[in-house]
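Enquirer: this is a predicted model, with the sequence first.
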Amino acid sequence: MSDLKKSEIKIQVEVDENNVPETLNWSAQDGGIDNEEAKAMLLSLWDSKSQETLRIDLWTKDMPVDEMKVFFHQTLVALSDTFYRATEDEKMMETMKDFCDYFADKLELKKE
């Protein structure tokens, strides 16, 4: 039997008096990340017992809307790739990528 390794990812959120995020910082020692600043994060976890997705969606109050649009587009593209790796459903991945192109077009985002 092999020894299991544990890895830790830390997220620190500093909030104002209304619990609105002022700063987001994250660390992942195994990835060489130490207290790096971020302006937004989307975290989804699958709860197998309740068969539902649990989410934490945060962004700092100074996250520009134009950057948020790019962030969402890049996240959708990445989800398309992740969906394919998890399911090998190429047809749906292509459908998702078509939507990503539509999303970028409607938001008038520059092609990456």
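Expert: The structure has been received and is ready for your questions. Note that the coordinates shown come from a computational prediction; the quantities given were computed from them, not determined experimentally.

Enquirer: every contact and neighbour count from this point should use C-alpha atoms.
Expert: Noted.

Enquirer: how about stretch 77-89: buried residues?
Expert: For stretch 77-89, the neighbour count (16 or more other CA atoms under 10 Å) marks 77, 80-81, 83-84 as buried.

Enquirer: could you do stretch 15-30 as well?
Expert: For stretch 15-30, the neighbour count (16+ other CA under 10 Å) marks 21, 23-27 as buried.

Enquirer: can you check stretch 98-112 too?
Expert: Buried residues in stretch 98-112, counting neighbours by 16+ other CA under 10 Å, are found at 99-101, 103-104.

Enquirer: among those residues, which pair sits farthest apart?
Expert: The two members of these with the most space between them (CA to CA) are F99 and A104, at 8.5 Å.

Enquirer: contact partners for the residue nearest to the spatial centre of the chain?
Expert: Ranked by distance to the mean C-alpha position of the chain (CA atoms, centre = their mean), the top residue is L42 at 4.0 Å. Taking CA atoms under 8 Å, 6 or more residues apart in numbering, we find L42 in contact with 55-58.

Enquirer: you'd agree it is in a strand?
Expert: Yes - assigned with DSSP: H, G, I helix; E, B strand; the rest coil, L42 falls within a strand.
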